[in-house]
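Q: Need coordinates for the below:
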Amino acid sequence: MVLEDLLRRSWELTRYRRPPLGLELEGFCQWLHEQGYSRSVIRSHISKVSQFNQYLRYQGVRECREIQELHADRFIGKHLRKHGRVSSRHTAPAVRCLMKYLSSRGVLTSTAEIPPPYQGVLDECVEYLRHDRALADCTIRIYRHYLIPFLQSLDGREILRSLSEVSPHEVHAFFAKHAQGKADTTRGQIQATLRTFFAFCAKQGYVTGHLAEAVPKVFSYRLANVPRHLSEQDAQKLLESIDRSTPAGRRDYAMVLLLHTYGVRGAQIRALCLEDIQWRHSRIRFRPCKGGKEILDPLTDEGGESLLDYLRHGRPKTIHREVFLTDRAPFHPLKADNLYIRIASRMRRVGVSGAALGPHALRHAFATCMLNGGQSLKTIADMLGHRDINSTFIYTKIDFETLQQLPLDWPEVSP
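A: Prediction:
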């Protein structure tokens, strides 16, 4: 795809081909086309890039090698202040795409970013979490997310000296500030992050004493909650509500059906790859998640048909091996928030109530259905991929037939 395919007027072509970006726009159009962008989106991006090109000329930039990320940031900020958030919503994506393209071409002058003073300690801690603690990458990302604000709160000039001078009062104050108003899960993650980090610092000799004990405890009680699951009627209503005439609908139907049929986690759906669908053996493999076990189940006829429909008529052509991808360019595997938002919004649309929203509600529904069908906890644990059967005990709270047999007779009380 070239500019002549998008622009018919000669004066537009002349304006778009002005330096410093004019010579790069042909390749940029082709790059967007190869990334899967539609014709209308490419036209919109080119229009915004033309405005950016004019801004660069006003700034005295005459060659692409003079362009810096600062130019892009200032242009986006100026456009936002002048035209407002609604009118500028396509500006940032267009300019960011251009900068990414220019970087891939090696046109931009690479400017080495100065790492923050705490980067060395952070990298050491990440290696400790990965090799010594054997934590999963997703858990390490959570720890890193909550650890960076703490490191930023220290004196950046001498990070090791700052660590050695941290007092229990400062640790307590940091936790109180960042955990206030947060959910129990978030407070628990902040607590675990700080305790693990101080254990690492003690091992390295960066701190003295027991700063991990200064982190306030977050009390939680095992099996304290009752799983909130979808009823079978709501699950069927959710499946029937999905319009399978669009690529996004075919994808969402296949994802919801797999979640409902196999009771796997949302992360396992996102990690499902093409080679995990063993068509010749009519099996499907879900990779282990959160310390659980690999799940290998028969591929049902309905599940296989939904996957085939999506793979043939909905999934974009891409180099990614993951089955489920975004339905808009640039195409990439779904992230956790993408999956949650899609399924939760569909649940709200059909009026699902009394259940937690998102893919985990379907996992609870699967376990509840098996329990009501008389399956043992061991069988349910194996189907869910639980390595420890204690993780499955929470479903005993919804086994009402068994619970009815537990209460003892209440003795008569004489007046």
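Q: only C-alpha atoms for contact and neighbour calcs from this point on.
A: OK.
Q: Just confirm Asp234 contacts Arg349, I think it does.
A: No. Counting by C-alpha atoms under 8 Å, Asp234 stays clear of Arg349, with 11.5 Å between them.
Q: if you count what's nearby, which of those two comes out ahead?
A: The neighbour count for Asp234 versus Arg349, taken as other C-alpha atoms under 10 Å, is higher for Asp234 (17 against 11).
Q: residues in contact with the more buried one?
A: Contacts for Asp234 (C-alpha atoms under 8 Å, 6 or more residues apart in numbering) come out as Val352.
Q: now swap in the one 10 residues further on and tell me
A: Residues in contact with Arg244, defined by C-alpha under 8 Å, 6+ apart, are Arg250, Tyr253.
Q: any idea how far it lies from Leu377?
A: When C-alpha to C-alpha, to the nearest Å is applied, the distance between Arg244 and Leu377 equals 36 Å.
Q: what ranges do the strands span in the stretch 201-350 of the chain?
A: In the stretch 201-350 of the chain, the strands defined using DSSP state E, counting those that start in this stretch lie at 277-278, 283-286, 295-298.
Q: Deepest-packed of those strands, please.
A: strand 283-286 (a mean of 20; mean count of other C-alpha atoms under 10 Å).
Q: Can you name every helix or strand that that one contacts?
A: If you count contacts as 3 or more C-alpha pairs under 8 Å, 6 or more residues apart in numbering; DSSP states H and E, strand 283-286 packs onto strand 277-278, strand 295-298.
Q: tell me the phi and psi of the residue nearest to Ile142 when sequence neighbours are not counted?
A: The shortest distance from Ile142 to any non-neighbouring residue, by C-alpha to C-alpha, 6 or more residues apart in numbering, is to Gln189 (7.6 Å). Torsion angles at Gln189 (phi, psi; degrees, to the nearest 10) stand at phi -70, psi -40.
Q: per the record, what domains does this protein have?
A: 3-105, 119-214, 232-402 (automatic domain parsing).
Q: For these, could you give me TSV that also reports mean pLDDT?
A: Shown next, in TSV, are the domains of the chain (pLDDT from 0 to 100):
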stretch	mean pLDDT
domain 3-105	87
domain 119-214	88
domain 232-402	87
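Q: ok, now which ones touch the nearest residue to Ser167 once chain neighbours are set aside?
A: Nearest-residue entry for Ser167: Leu211, 7.7 Å, with adjacent residues in sequence omitted and distances by C-alpha to C-alpha, 6+ apart. Leu211 is in contact with Ser167, Pro168, Val171, Arg195, Phe198, counting by C-alpha under 8 Å, 6+ apart.
Q: Helix or strand: which one has the third one?
A: To tie it back to what came earlier, the one meant is Val171. Assigned by DSSP states H and E, Val171 belongs to helix 168-179.
Q: buried residues in that helix?
A: Pro168, Val171, Phe175, Ala179 (16 or more other C-alpha atoms under 10 Å).
Q: can I assume Arg17 is in contact with Leu25?
A: Yes. The pair Arg17 / Leu25 is scored as a contact, 7.4 Å apart, by C-alpha under 8 Å.
Q: I'd like the distance between Ala361 and Tyr340.
A: 11 Å.
Q: Kindly report the same for Lys177.
A: Counting by C-alpha to C-alpha, the gap from Lys177 to Tyr340 is 28 Å.
Q: Arg287 too?
A: For Arg287 relative to Tyr340 (C-alpha to C-alpha), the value is 19 Å.
Q: With adjacent residues omitted, what lies nearest to Tyr37?
A: Of all residues not flanking Tyr37 in the chain, Ala329 sits nearest, at 5.1 Å (C-alpha to C-alpha, 6+ apart).
Q: on that earlier part again, can you tell me how far the residue nearest to Ser167 sits from Ser164?
A: Applying C-alpha to C-alpha to Leu211 and Ser164 gives a distance of 10 Å.
Q: ok now do the nearest residue to Tyr206 once chain neighbours are set aside, which residues does it touch?
A: Nearest non-adjacent residue to Tyr206, counting by C-alpha to C-alpha, 6+ apart: Ser164, 5.9 Å away. By C-alpha under 8 Å, 6+ apart, the contact list for Ser164 reads Tyr206, Val207, Thr208.
Q: which of the residues you listed has the most neighbours?
A: Neighbour counts for these peak at Val207, which has 21 neighbours (criterion: other C-alpha under 10 Å).
Q: quick one on the thing from earlier: for the contacts of Ser164, give me JSON lines that also has distance to Asp297.
A: Converted to JSON lines, those look like this (distance: C-alpha to C-alpha, whole Å):
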{"residue": "Tyr206", "distance to Asp297": "49"}
{"residue": "Val207", "distance to Asp297": "49"}
{"residue": "Thr208", "distance to Asp297": "51"}
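Q: Name the nearest of these relative to Arg270.
A: Tyr206 (39.0 Å; C-alpha to C-alpha).
Q: Can you report phi and psi for that closest one?
A: phi -80, psi -30.
Q: Go ahead and confirm it touches Ile159.
A: No. Assessed by C-alpha under 8 Å, Tyr206 is found out of contact with Ile159, at 9.7 Å.
Q: quick one on the thing from earlier: of Ala361 and Tyr340, who's got more company?
A: Using other C-alpha under 10 Å as the criterion, Ala361 and Tyr340 rank with Ala361 on top: 23 against 17.
Q: buried set for the strand or helix carrying that one?
A: Using DSSP H and E, Ala361 sits in helix 359-372. Residues 359-371 are the ones in helix 359-372 that count as buried (16+ other C-alpha under 10 Å).
Q: how far is the helix or strand just after that helix from where the chain is centred?
A: Counting by DSSP H and E, the next helix or strand C-terminal to helix 359-372 is helix 377-384. What separates the centre of helix 377-384 from the centre of its chain is 27 Å, taken as C-alpha atoms, centre = their mean, to the nearest Å.
Q: okay if I get the contacts of Leu211 as CSV plus distance to Glu12?
A: What follows is the contacts of Leu211, written out as CSV (distance: C-alpha to C-alpha, whole Å):
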residue, distance to Glu12
Ser167, 64
Pro168, 65
Val171, 60
Arg195, 61
Phe198, 61
